[in-house]
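1. coordinates only, sequence not included:
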């Protein structure tokens, strides 16, 4: 599965004092240990002593016999002390096991890291690293309330829908620990909501009847209130993206790829050093950014990247529009407003959009697949596009191939599968044409699927605890389930399809090495449809 966030702590190029340093935070080696560098107060030996005196650094060095520490100048005002394990055979330098940042003027230790947080800067809990103010408590908690409150039925406090929505918001507990750099708590706490939603989606999908429950969806407020609130939410989301959001490496990769496509250069390999693994996604990801990069051309550096902002806002709004249209088609105008409002009020969709991530593109394309589900060729093309964005949605092909209403004869069902397969194959071939014509298929595999397969990550229980055997079992079960799900007895309507598709996506996410909160929007459109479209429109 393609990652939502690729970056570990970047290994800044170590330069000699006389070289030109383009990056203001680049590391340079001081000429001598006991002499202060020009315009500095401290010597390398002094900052090494400061770093070694820290308790966690001492403990790390004791558990790594033969480890060495080296002092670097970091920009003009700071020092960085990096400690390295003893090199293995054939290595010039061992892996970095500890890192300390020290202010030159005051000698104060600004940061010190060991374990996973050395290599992974995103595990350090830097405020606003993802989504800027979107993650602020005064934004997050009101959104949680807005998401939940309209669906509360005071007369039935133990209604299962209340629990369903609370579990969706439950990812916030894990995120809170992540935001404070405590991945030892954030990682395991992400799995109870995933497991609950997997079971819940299977429960919804297994219902044999395609009929609508006799009761309508109870709302605490009139639908018109939701429509008005939606307008304000959309304005807030767009405004916050423009004024207070950041572009993570994932969105930056889309802009780079779009620029390469527009210039007619090879898409895979040779990405710039500040995002050298940004070519790990499918071609659709880069195609989607082309119109935005043409409107706001890339400057060649990781600046504000207006093209990434424009793309993220467009993906978000188009997903919202798709859910509105889908709801109207399924149950009428009321459900359209309900689904669109739920998407806009859910805090993790703002978190994704304000990180300007490409995960919103996956959500948009999977919503499109539901919207065109009646036409086998259209849904085949939509699933192919989603799968060649961030490869995991390819697992939805069997479920969507066999989608169709109840009571359809075998011949018609087989015809639908065939049309789906042809459209899927043709779309995939067209999308992959530049790779195939350029003879870059091997490079494509190495830079995308093979890279994702081989890399480690502490953001799952498998990577954090090293449970390799258990992970292999869960991954195998997820793949088998994705195939078997196509043949399971289920509701033969869009609600049943959405529930089963959500279960497939969640099952795959349970087994990935790198899981992140931006992935929630991959299954969210399916979950919202499965939970909220089960009710009929109220009688007027």
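-> Arrived safely. Remember, it's a predicted structure, so these values are computed and weren't measured experimentally.

2. For residue 519, give me phi and psi.
-> phi -70, psi -20 (degrees, to the nearest 10).

3. That one contacts residue 510, doesn't it?
-> No: counting by C-beta atoms under 8 Å, residue 519 stays clear of residue 510, with 10.9 Å between them. Yep, even glycine has a C-beta here, placed from its N, CA and C like the rest.

4. Give the closest residue to residue 173 in space, chain neighbours not counted.
-> The shortest distance from residue 173 to any non-neighbouring residue, by C-beta to C-beta, 6 or more residues apart in numbering, is to residue 189 (5.6 Å).

5. Relative to residue 324, how far out is the residue nearest to residue 134 when sequence neighbours are not counted?
-> The spatially closest residue to residue 134, leaving aside those adjacent along the chain, is residue 354, at 3.8 Å (C-beta to C-beta, 6+ apart). Distance, residue 354 to residue 324, by C-beta to C-beta, to the nearest Å: 21 Å.

6. In terms of neighbours, single out the busier of the two.
-> For residue 354 versus residue 324, neighbours defined as other C-beta atoms under 10 Å are more numerous around residue 354 (27 against 21).

7. For the strand or helix carrying residue 118, give me every contacting residue.
-> Taking DSSP states H and E as the criterion, residue 118 maps to helix 116-119. With contact meaning C-beta atoms under 8 Å, 6 or more residues apart in numbering, helix 116-119 is reached by 8-9, 95-99, 123-124, 181, 183, 458, 464.

8. quick one: which of these is most hemmed in?
-> Neighbour max across these (other C-beta under 10 Å) = residue 98, 27 neighbours.

9. any idea how far the residue nearest to residue 77 when sequence neighbours are not counted is from residue 538?
-> Leaving out its chain neighbours, the residue that sits closest to residue 77 by C-beta to C-beta, 6+ apart is residue 104, at 5.7 Å. Going from residue 104 to residue 538 by C-beta to C-beta gives 68 Å.

10. Of those two, which one has the most company?
-> For residue 104 and residue 538, the more surrounded residue by other C-beta under 10 Å is residue 104, and the numbers stand at 21 against 13.

11. thought that one was touching residue 75?
-> No: applying C-beta under 8 Å as the test, residue 104 and residue 75 come out as separate, 9.5 Å apart.

12. Now the common contact residues for the two.
-> Common neighbours of residue 104 and residue 75 (criterion: C-beta under 8 Å, 6+ apart): none identified.

13. Give me the three-state assignment for residue 72.
-> At residue 72 the chain is in strand, as set by DSSP: H, G, I helix; E, B strand; the rest coil.

14. typo on my end, residue 175
-> Residue 175, by the three-state scheme (three-state DSSP), is helix.

15. And the strands in the stretch 101-250 of the chain?
-> Along the stretch 101-250 of the chain, counting by DSSP state E, counting those that start in this stretch, strands occupy 109-114.

16. Would you state the helices of it in chain order?
-> Ranges of helices within the stretch 101-250 of the chain are 116-119, 137-148, 160-179, 183-189, 191-206, 223-243, 249-263, based on DSSP state H, counting those that start in this stretch.

17. out of these, nearest to residue 431?
-> Minimum separation from residue 431 across the helices of the stretch 101-250 of the chain (C-beta to C-beta) falls at helix 249-263, 11.9 Å.

18. Run the angle between the helix or strand following that closest one and helix 249-263 for me.
-> Stepping forward along the backbone from helix 249-263, the first helix or strand reached (DSSP H and E) is helix 283-295. Counting by axes from the mean of the first three to the mean of the last three C-alpha atoms, to 10 degrees, helix 283-295 points 70 degrees away from the direction of helix 249-263.

19. Relative to residue 448, tell me which of the helices of the stretch 101-250 of the chain wins on proximity.
-> Comparing these by C-beta to C-beta, helix 249-263 comes nearest, at 11.6 Å.

20. And that closest one, how far out from the chain middle?
-> Relative to its parent chain, helix 249-263 has a centroid offset of 17 Å by C-alpha atoms, centre = their mean, to the nearest Å.

21. ditto for stretch 166-183
-> With C-alpha atoms, centre = their mean as the basis, stretch 166-183 stands 15 Å off its chain's centre.

22. buried set for it?
-> Residues of stretch 166-183 classed as buried: 167-172, 174-179, 183 (neighbour count, 16 or more other C-beta atoms under 10 Å).
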